[in-house]
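Asker: Here's my sequence, what's the structure:
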Amino acid sequence: MKNKKLLVLCMGIMLSAVGLLLWDGYSSLQHNDGAMVETQAHNHHEAHGHGHRTAPDRNSSTNDFPIQPVPPENVDKDLARLGWVLFRDPNLSSNKQISCESCHELTTSGSDPRPLSVGVNGLGTRNSLTVFNVSDNYRFFWDGRVNTLEDQIDGPVHEPFEMDTDWKSIVEYTSSSSRYKELFERVSLSPSESSVKQALVEFMRSLKTLNAPFDRYIAGDTSAIDDSAERGWQAFQSLGCIGCHRGSNVGGGMVMQFGYFGLETRGAERSKDLADSR
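Answerer: Next up is the predicted model:
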């Protein structure tokens, strides 16, 4: 009899424990289901861009946001106009067929849509970089081998696969042109290597993509970009892209080693040239 009572008591305790476990599991399941529904609703809401859109979290007074709007330039219009004429003139090259614009077409993002640009002596070894917002960079060429736009101009002038010429020929040509005589006099200059470079640099300083939609957005105009672009911007930050791609040119001021580009070791002494990574 005593054993029967003990058996019944043990079975009661076991059933109570099982009941508590089942109830706890059911409650937990309900809680998880509710959380899942809430999360799915939130994700759906985010995916379709509904709800209040907020401006980027930035402190405009300290200017410390990792990406800034493209800054304007105070440009000498007459000098930039002279630079524009020089930029488009194929007579600056040795065969009178290649201008700066041949590889930096302003209607194709300021670069060359072809995989490799074609100069006086045929196919080059690299695709041309854009000239838009180029004055905001502090290194130039793919290997970053020069620090100023003035020095950069020497590259295409002397390169056989670009303009294949020299400054003596360019100065002689511009000095003999009545059109250039008028344009240089308008800015109180005469044709020389220095003045040609000065005009070309001033023109390139004018090539700014001011007031672009994204620039307006990071300045506080939340309606400047659509929901898809805003989600891309959030992903750009959360995935870490912004760690390297930042500044007014979104990375245009950085020199990174990422492969062999065909030239030997130009610039290796300056920044461990890309061509040095063979």
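Asker: Show the contacting residues for residue 147.
Answerer: By CB atoms under 8 Å, 6 or more residues apart in numbering, the residues touching residue 147 are 138-140. For every residue, glycine as well, the C-beta is placed using N, CA and C.
Asker: pLDDT wise, what is it at?
Answerer: For residue 147, the model assigns a pLDDT of 90.
Asker: just curious, which of the contacts of residue 147 is nearest to residue 160?
Answerer: residue 140 (19.3 Å; CB to CB).
Asker: My read is that the closest one contacts residue 154, right?
Answerer: No. The pair residue 140 / residue 154 is not scored as a contact, 10.5 Å apart, by CB atoms under 8 Å.
Asker: Who has more neighbours out of the two?
Answerer: For residue 140 and residue 154, the more surrounded residue by other CB atoms under 10 Å is residue 140, and the numbers stand at 20 against 14.
Asker: What's opposite that one in the beta bridge?
Answerer: residue 146 (DSSP bridges).
Asker: can you offset everything so residue one is 19?
Answerer: Sure thing, new numbering starts at 19, so read that last one as residue 158.
Asker: quick one: it and residue 112, what's the gap?
Answerer: Noted for residue 158: a distance of 23 Å to residue 112, by CB to CB, to the nearest Å.
Asker: Then residue 258?
Answerer: Distance from residue 258 to residue 112, by CB to CB: 47 Å.
Asker: Which of these two has more residues huddled nearby?
Answerer: The neighbour count for residue 258 versus residue 112, taken as other CB under 10 Å, is higher for residue 112 (16 against 9).
Asker: if I pick the more buried one, what's in contact with it?
Answerer: 138, 181-183, 187.
Asker: Residue 184 contacts residue 177, doesn't it?
Answerer: No. The criterion here is CB under 8 Å, and residue 184 misses it with residue 177 at 11.3 Å.
Asker: still on that earlier bit, for residue 242, state which of the contacts of residue 165 is nearest.
Answerer: Taking the contacts of residue 165 together and measuring to residue 242 by CB to CB, the closest member is residue 156, at 27.9 Å.
Asker: That closest one and residue 173: what is the separation?
Answerer: 16 Å.
Asker: Check residue 207 too.
Answerer: Residue 207 is 23 Å from residue 173, by CB to CB.
Asker: do residue 210 as well
Answerer: From residue 210 to residue 173 the distance is 19 Å (CB to CB).
Asker: What of residue 150?
Answerer: Counting by CB to CB, the gap from residue 150 to residue 173 is 18 Å.
Asker: ditto for residue 140
Answerer: Using CB to CB, residue 140 is found at 17 Å from residue 173.
Asker: Name the residue in those two with the higher neighbour count.
Answerer: The neighbour comparison of residue 140 against residue 173 (other CB under 10 Å) goes to residue 173, with 15 against 9.
Asker: tell me the SS of that one?
Answerer: helix (DSSP: H, G, I helix; E, B strand; the rest coil).
Asker: so how far is residue 158 from it?
Answerer: 8 Å.
Asker: Quick check: neighbours shared by the two?
Answerer: With CB under 8 Å, 6+ apart as the test, residue 173 and residue 158 both reach residue 164.
Asker: any idea how the chain splits into domains?
Answerer: 95-224, 231-261 (the TED database).
Asker: The longest one: end-to-end distance?
Answerer: From its first residue to its last, domain 95-224 covers 9 Å (CA to CA, to the nearest Å).
Asker: ok, now stretch 105-113?
Answerer: Stretch 105-113 end-to-end distance (CA to CA) = 16 Å.
Asker: what pLDDT, on average, does it get?
Answerer: For stretch 105-113, the per-residue pLDDT averages 97.
Asker: thought residue 207 was touching residue 220?
Answerer: No. Between residue 207 and residue 220 there is no contact, the gap being 11.0 Å when judged by CB under 8 Å.
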